[in-house]
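*Asks:* this one's structure only:
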DNA sequence: CTCCGGAACTAGAACGTTCTAGAGTCTCCG
DNA sequence: CGGAGACTCTAGAACGTTCTAGTTCCGGAG
């Protein structure tokens, strides 16, 4: 019976190699204090017995766990991209990551609870709906870094994309192409939505286009974009900035179905640079969040808190970048006065 | 300094409540052997001191960890859907999940290594490139369940979708609509590809359509589908079954760009029922894998191995189901003799 | 009144590591 | 020749739990 036989421990290796447990520990950690010959022999025995260190015992003894807990949502594609960056950054800083997923049946509280029991030294939370008071009570126990969350709090670090700047980049790009009548489809209740909307409005004003400001309510889903498109069809602008790529995809679909050419009749800019926007037949101009910088920033902050170095301001705002693809172009020459095509 | 103060332990609670450590342990676990009044008092103290059990110490002492390790690939959307199902199934069986991700910079070996150190009692591997010998040496140490892997081995359990049956369903559906000239775009080296191709061929033969069998080489990416579409354009069939949804999307795009109506001129069936296939403007008929059943099966097998119950055959094959959407329909009346439209 | 059984509680070992303190042994130098 | 270092190695205590084997106390049966 496989599971019945005890796994090999330091003591087993020590007995077999004829040395003390402590020495085997030294050798296994690669710590100084063992002769070359013995080191060799111990390693050989360990390999032969298939010794695997027990991280539980190791961490129990040496107070530190060098473990960072990450709470992510299984449903959110963007979270997965971010995970990649985090693993990389954590590795470089000498920390391990332990993941806890939020699923439709497994709430954020459960996910956080598991990580607390695992004795993580800090928590990185992606998005999430936790109330400020809950966040505070967790932060009282260990350092917390919240990503993609507007929370401007004194007790947690916050790392997020500069949503307003992203909207500026989108509007600047469109204005540069000659557009003036630019609408915005917003994201409703989602985090970042308010900032992206405000950024759009501010950029429009900065370009002297205040009179053309037009915000259509939307959301994060494909169908939200589709609904918004239907509302725009009555009097289509020459360009639209959309809350995110998925919504933009729904919008694109409805526009094209109704005979509007993209980018001929109308230009569209999404947000997030997801895999979706890269698909050949979508080929969406979009705003990409700088995943690597955000990941590195989050880890850096978490580690700084753990190690007690005060680390400057609690908020880190990372500039996004414009990714130009096929859904944006110059407006029709006559554009700006009336809709380019009757519906 | 937050990280400097020791966290509260059983001993702290015991001292504060004026009882022994052992009794606090009993109370915290809800085990029998403590009076109602004391129980109440201990719980109160624990709450007040913010006591959190240390899972490391707990598991170290009590041999078992009740932990299942899962290795998944951050880049694979399907893996995320599967994770959701696994969390659910594991919870019901009284086990916790600990995740280890494969990323572009973090290989499968590293991911598995971390889990071994965490003293998981079994491993669930998604897909993966590990060689059979490596798999065997891991399986010698603890039970392993491989998902989405063709490996027909005696040392690991295998849970996967019935790829051949999925292809049958696709072909049956198309034949039922009246198609005869049905091609297949395969997945190259990817797991499942050979089975899906063979299933297609077998189904065609079963319907007496052996002469119409036509396999075009493809892959798992959008561009693979696009390339395959270009190769089909010279003499388009009336229907195509494609290795997966992403490839089908690329194929759809090229077909439409070249003036072929879908499903008017040509019907397309994908595989996996990913979010992509559900997008309104893709609306792809596809074969959906039964995620919940596969997840439940994997957990059930892992637990059975851990607990020593032999559990029957090592391989579990789960039937998929056809999801009819908008890319399939009856062929043009004249179809079957010559391409419905010149290119 | 004694004795028994059970409920409530406790002391101390164990889990597999790491860490501290110190014991040998060897080399080198005054 | 004596001793100071520098190595190599070891014994044993910790880490925070759970588990085993008690001990104490109390009520009720004999």
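*Replies:* Yep, it's here. All of these numbers come straight from a predicted model, not from anything done at the bench.
*Asks:* tally up the residues packed near the residue in the stretch 51-200 of chain A positioned nearest to DNA strand D, please.
*Replies:* When scored by C-beta to the nearest atom of the strand, the stretch 51-200 of chain A has residue A:61 as its residue closest to DNA strand D, at 3.4 Å. C-beta: built from backbone N, CA, C; applies to glycine. Using other C-beta atoms under 10 Å in any protein chain shown, residue A:61 has 11 other residues around it.
*Asks:* before we move on, what about residue A:208?
*Replies:* Neighbours of residue A:208 using other C-beta under 10 Å come to 10.
*Asks:* what does the one 10 residues further on give?
*Replies:* For residue A:218, the neighbour count with other C-beta under 10 Å is 29.
*Asks:* quick check, it in contact with residue A:242.
*Replies:* Yes. In terms of C-beta atoms under 8 Å, residue A:218 counts as a neighbour of residue A:242; the distance is 7.1 Å.
*Asks:* overlap in contacts, the two.
*Replies:* Common contact partners of residue A:218 and residue A:242 (C-beta atoms under 8 Å, 6 or more residues apart in numbering or on different chains): A:185, A:225, A:228.
*Asks:* contact partners for the first one?
*Replies:* Residue A:185 makes contact with A:215-218, A:224-225, A:228, A:240-243, A:247-248, A:251 under the criterion C-beta under 8 Å, 6+ apart.
*Asks:* please name the nearest non-neighbouring residue to residue A:266.
*Replies:* residue A:260 (5.3 Å; C-beta to C-beta, 6 or more residues apart in numbering or on different chains).
*Asks:* and the gap between residue A:53 and residue A:25?
*Replies:* Using C-beta to C-beta, to the nearest Å, residue A:53 is found at 9 Å from residue A:25.
*Asks:* of the two, which one has the most company?
*Replies:* Between residue A:53 and residue A:25, counting by other C-beta under 10 Å, residue A:25 is the more crowded of the two (19 against 15).
*Asks:* any idea how far residue A:14 is from that one?
*Replies:* For residue A:25 relative to residue A:14 (C-beta to C-beta), the value is 9 Å.
*Asks:* residue A:268 touches residue A:243, doesn't it?
*Replies:* No. Shown here, residue A:268 and residue A:243 do not form a contact pair, counting by C-beta under 8 Å, at 11.9 Å.
*Asks:* tell me where chain A has strands.
*Replies:* All strands of chain A, identified by DSSP state E, fall at A:67-73, A:96-102, A:122-126, A:144-147, A:157-161, A:182-185, A:215-216, A:239-242, A:267-269, A:286-288, A:315-318, A:321-323.
*Asks:* most tightly packed of those strands?
*Replies:* Among the strands of chain A, ranked by average contacts under mean count of other C-beta atoms under 10 Å in any protein chain shown, first place goes to strand A:239-242 (a mean of 30).
*Asks:* what parts of the stretch 201-343 of chain A come near chain B?
*Replies:* A:222-223, A:226, A:249-250, A:252-253, A:256-257, A:276, A:279-281, A:305-308 (C-beta under 8 Å from any C-beta of the partner chain).
*Asks:* again, but for the stretch 51-200 of chain A
*Replies:* Neighbours of chain B within the stretch 51-200 of chain A, by C-beta under 8 Å from any C-beta: A:52-57, A:59-60, A:65, A:74-75, A:77, A:80-81, A:83-84, A:87-88, A:91, A:96-101, A:103-106, A:114, A:116-119, A:121, A:141-143.
*Asks:* DNA strand C next: which of the residues you listed are close?
*Replies:* Near DNA strand C, judged by C-beta under 7 Å from any atom of the strand, the entries from those are A:52, A:53, A:54, A:57, A:60.
*Asks:* what sits in contact with each of residue A:53 and residue A:25?
*Replies:* By C-beta under 8 Å, 6+ apart, residue A:53 and residue A:25 have no common neighbours.
*Asks:* mind putting the contacts of residue A:185 into CSV with distance to DNA strand C and pLDDT?
*Replies:* Listed next are those as CSV, based on distance: C-beta to the nearest atom of the strand, whole Å; pLDDT from 0 to 100:
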residue, distance to DNA strand C, pLDDT
A:215, 57, 97
A:216, 59, 97
A:217, 57, 96
A:218, 53, 95
A:224, 52, 95
A:225, 53, 96
A:228, 57, 97
A:240, 58, 98
A:241, 53, 98
A:242, 52, 98
A:243, 49, 96
A:247, 50, 95
A:248, 51, 96
A:251, 56, 96
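*Asks:* what is the nearest of those to residue A:191?
*Replies:* Among these, residue A:243 lies closest to residue A:191 (C-beta to C-beta), at 10.9 Å.
*Asks:* so who does the closest residue to residue A:52 other than its chain neighbours touch?
*Replies:* For residue A:52, ignoring the flanking residues on the chain, the nearest one in space by C-beta to C-beta, 6+ apart is residue B:116 at 5.2 Å. Applying C-beta under 8 Å, 6+ apart to residue B:116 gives the contacts A:52, B:69, B:138, B:141, B:142.
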